[in-house]
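In: the following block contains a protein sequence and its predicted model.
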Amino acid sequence: MSGKREDYISWDEYFMGVAYLSALRSKDPNTQVGACIVSDDNKILSMGYNGFPRGCSDDEFPWGKEHEQDDPYQAKYFYATHSELNAILNYRGGSLEGSKLYVTLFPCNECAKAIIQSGIRTLIYGEDKYGDTAAVRASKRMLNAAGVRYYQYTKTGRKLQIIV
Ligand SMILES: Nc1ccn([C@H]2C[C@H](O)[C@@H](COP(=O)(O)O)O2)c(=O)n1
Ligand SMILES: [Zn+2]
């Protein structure tokens, strides 16, 4: 055997795989989101998943949805930091100018602002299940205006199995 292995995973499979792996760390019982920020020369810069800020206990803060509780103070939305924002805030290396963001779910309007302002130029997303909401429509409006390129990741169908 003298040639190289040919069935290695692509860059997109690798980074989207890392984003999906990060999502598995989320304690959100309904939606787990993962993100991976990559430099333009394909080095991983940061990762994140949705969860409560440091010091806000996963066991004490609420994981319910607003409409079930009828009180936003008792629902997760005031407290959960989105995976994209966590990935941006987790980066300690300086500038994210020109980087790419892989995220399992299309970013909301608040994350879009952080993405634009941090200098991320390309966004590759997995799902768009909230695509018809005002938050995601506003997000796309801002990303379009700011010239952030985005496209949906096309699943290759390859099954990645890791035994840990
Ligand atoms: N792009 C996104 C969108 C949502 N999230 C987080 C915020 C919540 O923890 C969860 C959404 O909960 P749901 O309303 O589906 O019960 O996902 C995120 O991190 N990034
Ligand atoms: Zn968001």
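Out: Perfect, I can see it now. Ligands and ions are numbered 1, 2, ... in the order given.
In: and the helix or strand hosting residue 48, which strands flank it?
Out: Residue 48 belongs to strand 44-49 when assigned by DSSP states H and E. Within its sheet, strand 44-49 is paired with strand 34-38 (antiparallel), according to DSSP bridges.
In: how about the strands of the protein, start to end?
Out: 34-38, 44-49, 100-105, 122-127, 149-152 (DSSP state E).
In: pLDDT of stretch 65-72, averaged?
Out: Rounded to a whole number, the mean pLDDT of stretch 65-72 is 80.
In: go through that stretch and flag the buried ones.
Out: By neighbour count with 16 or more other C-beta atoms under 10 Å, stretch 65-72 contains no buried residues. Just so you know, the C-beta spots here come from the backbone N, C-alpha and C atoms, and that holds for glycine as well.
In: and stretch 146-164, by the same measure?
Out: So, applying 16+ other C-beta under 10 Å, buried residues of stretch 146-164: 148, 150, 153.
In: ok, and what's touching that stretch?
Out: 9-10, 12-13, 16-17, 102, 112, 115-116, 120-126, 128, 140, 143 (C-beta atoms under 8 Å, 6 or more residues apart in numbering).
In: do stretch 134-145 as well
Out: 106-113, 115-116, 123, 128, 130-131, 150.
In: and that stretch, how far out from the chain middle?
Out: Put simply, stretch 134-145 sits 16 Å off its chain's centre (C-alpha atoms, centre = their mean, to the nearest Å).
In: also stretch 114-125?
Out: The answer for stretch 114-125 is 11 Å, by C-alpha atoms, centre = their mean.
In: near ligand 2, anything from that stretch?
Out: No - against ligand 2, stretch 114-125 shows no contacts by C-beta under 5 Å from the ion, the least distance being 8.0 Å.
In: how long is that stretch from one end to the other?
Out: Across stretch 114-125, the terminal residues are separated by 16 Å (C-alpha to C-alpha, to the nearest Å).
In: could you shift the numbering so residue one becomes 610, and keep it that way?
Out: In the new numbering, first residue 610, that becomes stretch 723-734.
In: hmm, back to that, buried sites along the strand holding residue 657?
Out: 654, 655, 656, 657, 658.
In: okay, and the helix or strand of this structure with the least pLDDT?
Out: helix 675-678 (a mean of 70; mean pLDDT, DSSP states H and E).
In: just the buried ones from the contacts of stretch 743-754, in ChimeraX syntax?
Out: To isolate the buried ones among the contacts of stretch 743-754 in ChimeraX, judged by 16+ other C-beta under 10 Å, type:
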select :715,716,717,718,720,721,722,724,725,732,739,759
